[in-house]
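Asker: no sequence on hand, only this structure:
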């Protein structure tokens, strides 16, 4: 699986997958996103899905990252325990030489009082370091369905915490008592900032979310502000939790989807904290290129 | 609508309704529960549903309490603002003399920083006071889909806070990333108490819930303990929030479903707090009897 062949790299998550085709110089030559996330597939569907990708994009080596390597995905790829740098991540690759495929491992954290896992973010974070998008020490926030606050030191992930902000927001929007108020778009405007400020008072979210409904019923909140306020409240609690856990870095490094890093940046602005945002896709591709070096 | 006629009283909630038939002495002579909650009905279904009840149980006056009087129910019954005692609640009844029906109002709270509403719990809480099940001053917790922490003084509800504990638990069990681990029963055993203890550290619930999945994947938690642990975590946060809001009462008065008041009592035990539990159905019927006095 030498770099000269080019590679198909897939960021294969729970809901979606992003397929990237790199040429033998590591340049991106094709990119496809679809909704064939692992939760939409049976375990037995993967060989055929992968054969289809090779028919479409060429008979290239494959590198698969994310939930495809989880208990809900294709082949469970054992976690690598922190601390993890790119070399250790590469050592944990699950290789299937017969069909030129590699699965990227996730990372586990086991502390006395808390366990945590990640699958998919690690390659972006380590890739951002190996490609010098960011330095080799700091506090990184990767927002998403399950946002990650990640400590890095000497180029390795040394600790992290997962907060299910995106998932809680989605559950509230789809299924909850406030879902009827949550159809509007989320923007980082006044309602969002009010939500962040409320979170900074460190009340309990289970109370403040219900209060959205009461405030609308009693005409103290505009219905169209509810989704942005709820997002500000959830992202505010997320950021406060992340900053409380690790207070020793400035600026905060945001890596991920630009829309989400923008919202997290807006929350950090309300708190008077400095931040830098970096594109998660660029970081992912840099991570793939670095892994290829170890595989060559 | 004199008491002598007997009455059909309905605790008509979002998911279920409980129908009680009282004779002309106020004695319970029939009781039916079904799943015809307001979220399972269209607004236009109510007249027919009520006609059916009178065919089944007799052509009696009806008192309807709970979400039936909400924007999602039959006829929106305006909230009565705190403070509210039984006399003020009775003044807010929406009467339809033509068909001998009364809708019980909900209660609203508007503070500078927070709004809140209740519909259905107020009749239990005020009924518990008018019938001397409890005294006329104290801190009451009414657990449920939306638990209520209620301040009472001189026989009136003076303030309250809603926490959506039961709803968050149901969302996590039905739809979330940890739903596959949440099928077990909730009991107030060691896993539940561990969840309460975790909540007492006042971490962020959005982090601690994800940690359940990680702990199971890493074999640090037994799968069958997940539901009880999650319940302990959520009820623990609920109770801490309620006690932080109002710290001046001992014991805490629990009113509601005996299974739920048992779980809240177990959480209070972990925190070394005294409590007394009272049956919500008895309180509801006492509230109906008291309302009838005002209506006679």
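Answerer: Cool, the structure landed. Since we're looking at a predicted model, the values are computed, not measured.

Asker: next, work out how far apart residue A:148 and chain B are.
Answerer: 10 Å (C-beta to the nearest C-beta, to the nearest Å). No exception for glycine: its C-beta is placed from N, CA and C like everyone else's.

Asker: what sits against that residue?
Answerer: Residue A:148 sits next to A:118, A:121, A:140-142, A:160-163 when contact means C-beta atoms under 8 Å, 6 or more residues apart in numbering or on different chains.

Asker: ok, so of the residues you listed, who is nearest residue B:52?
Answerer: Distance ranking of the contacts of residue A:148 against residue B:52, using C-beta to C-beta, places residue A:163 first at 48.6 Å.

Asker: ok, now which ones touch the closest one?
Answerer: A:146-149, A:237-238, A:241-242, B:204, B:206-207, B:210.

Asker: and the residues you listed as JSON lines, adding secondary structure, distance to residue A:177 and pLDDT?
Answerer: What follows is those, written out as JSON lines (DSSP: H, G, I helix; E, B strand; the rest coil; distance: C-beta to C-beta, whole Å; pLDDT from 0 to 100):
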{"residue": "A:146", "secondary structure": "coil", "distance to residue A:177": "23", "pLDDT": "95"}
{"residue": "A:147", "secondary structure": "strand", "distance to residue A:177": "24", "pLDDT": "97"}
{"residue": "A:148", "secondary structure": "strand", "distance to residue A:177": "29", "pLDDT": "98"}
{"residue": "A:149", "secondary structure": "strand", "distance to residue A:177": "29", "pLDDT": "98"}
{"residue": "A:237", "secondary structure": "helix", "distance to residue A:177": "19", "pLDDT": "98"}
{"residue": "A:238", "secondary structure": "helix", "distance to residue A:177": "22", "pLDDT": "98"}
{"residue": "A:241", "secondary structure": "helix", "distance to residue A:177": "24", "pLDDT": "97"}
{"residue": "A:242", "secondary structure": "helix", "distance to residue A:177": "28", "pLDDT": "97"}
{"residue": "B:204", "secondary structure": "coil", "distance to residue A:177": "22", "pLDDT": "95"}
{"residue": "B:206", "secondary structure": "helix", "distance to residue A:177": "18", "pLDDT": "96"}
{"residue": "B:207", "secondary structure": "helix", "distance to residue A:177": "23", "pLDDT": "95"}
{"residue": "B:210", "secondary structure": "helix", "distance to residue A:177": "23", "pLDDT": "95"}
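
Asker: list only buried entries from those residues.
Answerer: Buried members of these, counted by 16 or more other C-beta atoms under 10 Å in any protein chain shown: A:146-149, A:237-238, A:241-242, B:204, B:206-207, B:210.

Asker: of these, closest to residue A:170?
Answerer: Once C-beta to C-beta is applied, the member of the buried ones among the contacts of residue A:163 that ends up nearest residue A:170 is residue A:146, at 11.2 Å.

Asker: from what I can see the closest one touches residue A:162, true?
Answerer: Yes: if you go by C-beta atoms under 8 Å, residue A:146 and residue A:162 touch, sitting 5.0 Å apart.

Asker: quick check: neighbours shared by those two?
Answerer: residue B:210.

Asker: state the distance from the residue lying closest to residue A:99 once chain neighbours are set aside to residue B:29.
Answerer: In space, and not counting its chain neighbours, residue A:99 is closest to residue A:50: 7.5 Å by C-beta to C-beta, 6 or more residues apart in numbering or on different chains. The spacing between residue A:50 and residue B:29, counted by C-beta to C-beta, to the nearest Å, is 68 Å.

Asker: same question for residue A:154.
Answerer: From residue A:154 to residue B:29 the distance is 77 Å (C-beta to C-beta).

Asker: tell me how many other residues crowd the nearest residue to residue A:105 once chain neighbours are set aside.
Answerer: Nearest residue to residue A:105, sequence neighbours excluded (C-beta to C-beta, 6+ apart): residue A:92, at 3.7 Å. Residues contacting residue A:92 under the criterion other C-beta atoms under 10 Å in any protein chain shown number 19.

Asker: residues in contact with residue A:92?
Answerer: Here residue A:92 is in contact with A:77-80, A:84, A:104-105 (criterion: C-beta under 8 Å, 6+ apart).

Asker: got it, and residue A:66?
Answerer: Residue A:66 touches A:10-13, A:17, A:38, A:73, A:104, A:119-120, counting by C-beta under 8 Å, 6+ apart.
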